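Student: sequence first, then the predicted structure:
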Amino acid sequence: MGLPKINMPLFEMVMPSTGEKVKYRAYTVREEKIQLIAKESGSLDQIVMATKQIVNNCLIDYDVDRMSTFDLQYAMLCIRAKSVNNIIEFSIKDPETFEKVDLVFDVDKVSVHIPENHKKSFEVGENSYVYMRYPSFDELKLLQGIKENKTETIYKVMIACIDKIVVGDSIYSTSDFSETEIDEFVNSLPSSAIKSMEEFFKTMPVLRHEFHYKNNEGKEKTFVIQGMDAFFI
């Protein structure tokens, strides 16, 4: 007789970028090992890879490679909360007094910060609009790591993040067209379209949390965590 298999309960989260309900399970010893190895490496690349692997293992029927950065971060926090605890205790050094400050992070209270001027769509002509999708971690990593052909690479990532085009009552999904066809379409747009795309990337939502404390001089201070390395506490 073989060893029994333990049935894992399923939970549900709502993806911040889409409002879509997604089922997931807590992580197991296998995912815990992946997390610890990545954490010990101290490498952000390893942490991102480990996070993607853990989230991919724990989500039910969901394409991790297409997830936005803040969706992936949020999913990891939800999974961590059900797997270990929703409370994370950690310490920082006050930048002025260099004292040790103990902080408590309730992952259930984290939120996605969306700038007021952020827009996922913009007008490109009379009754014509372009709708964008959020880039994945791999796409953002490509942008951050480029040294040569920077303009061309940025352009390609921006074009790849066009989700659909709406003209009047007609909706065109970019997944139905070739890269050449999309490129030709974009080249025919007014120059303001590129500025609108740049603004979309600059104002993208981000997972963020603020901690407020008093240092030993009695000053009110704020510590902010933001980004994948911070959320892998």
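Tutor: Arrived safely, thanks for sending. Numbering: from 1, shown residues only.

Student: now do E199, the pLDDT please.
Tutor: According to the prediction, E199 has pLDDT 92.

Student: show me where pLDDT drops low in the protein?
Tutor: Applying pLDDT under 70 to the chain flags residues 1, 142-150, 227-233.

Student: the domain parsing of it - what is it?
Tutor: 10-112+206-232, 121-202 (automatic domain parsing).

Student: can you lay out those domains as TSV showing distance to P4?
Tutor: Placement of C-beta: from N, CA and C, glycine included. Putting these into TSV (distance: least, CB to CB, whole Å) gives the following:
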stretch	distance to P4
domain 10-112+206-232	14
domain 121-202	36
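
Student: got a markdown table for those domains, with mean neighbour count and distance to G2 too?
Tutor: Conversion of the domains of the chain to a markdown table gives the following (neighbours: other CB atoms under 10 Å; distance: least, CB to CB, whole Å):
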| stretch | mean neighbour count | distance to G2 |
| --- | --- | --- |
| domain 10-112+206-232 | 15 | 17 |
| domain 121-202 | 14 | 38 |
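
Student: ok, and what's touching the lengthiest strand in the chain?
Tutor: If you go by DSSP state E, the chain has its longest strand at strand 206-214. With contacts defined as CB atoms under 8 Å, 6 or more residues apart in numbering, strand 206-214 is touched by 16, 69-70, 73-74, 77, 101, 103, 105, 109-113, 220-227, 231.

Student: parallel or antiparallel, list what pairs with the helix or strand immediately after that strand in the chain.
Tutor: For strand 206-214, the succeeding helix or strand toward the C-terminus, using DSSP states H and E, is strand 220-226. Using DSSP bridges, the strands paired with strand 220-226 are strand 206-214 (antiparallel).

Student: how about the CA coordinates for the partner strand, as PDB?
Tutor: What follows is strand 206-214, C-alpha atoms only, in PDB (Å, rounded to 0.1, in the frame of the first residue of the first chain):
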ATOM      1  CA  VAL A 206       2.000  48.900  -7.800                       C
ATOM      2  CA  LEU A 207       1.700  46.800  -4.600                       C
ATOM      3  CA  ARG A 208       2.700  49.100  -1.800                       C
ATOM      4  CA  HIS A 209       2.400  49.300   2.000                       C
ATOM      5  CA  GLU A 210       3.400  52.000   4.500                       C
ATOM      6  CA  PHE A 211       4.500  51.500   8.100                       C
ATOM      7  CA  HIS A 212       4.400  54.400  10.500                       C
ATOM      8  CA  TYR A 213       6.500  54.500  13.700                       C
ATOM      9  CA  LYS A 214       8.300  56.800  16.100                       C
END
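
Student: give me the sheet partners of the helix or strand containing V130 and which way each runs.
Tutor: Assessed by DSSP H and E, V130 sits inside strand 128-132. Paired neighbours of strand 128-132 in the sheet (DSSP bridges): strand 121-125 (antiparallel), strand 162-167 (antiparallel).

Student: need the strands for this protein, in chain order.
Tutor: Here the chain has its strands, by DSSP E, at 10-14, 21-25, 87-93, 100-106, 111-113, 121-125, 128-132, 162-167, 170-173, 206-214, 220-226.

Student: surely F90 and F105 touch.
Tutor: Yes - if you go by CB atoms under 8 Å, F90 and F105 touch, sitting 6.8 Å apart.

Student: to T51, which of the strands of the chain lies closest?
Tutor: Checking the strands of the chain against T51 by CB to CB gives strand 206-214 as the closest, at 12.2 Å.

Student: and the angle from the closest one to strand 100-106?
Tutor: Here the directions of strand 206-214 and strand 100-106 differ by 130 degrees (axes from the mean of the first three to the mean of the last three CA atoms, to 10 degrees).
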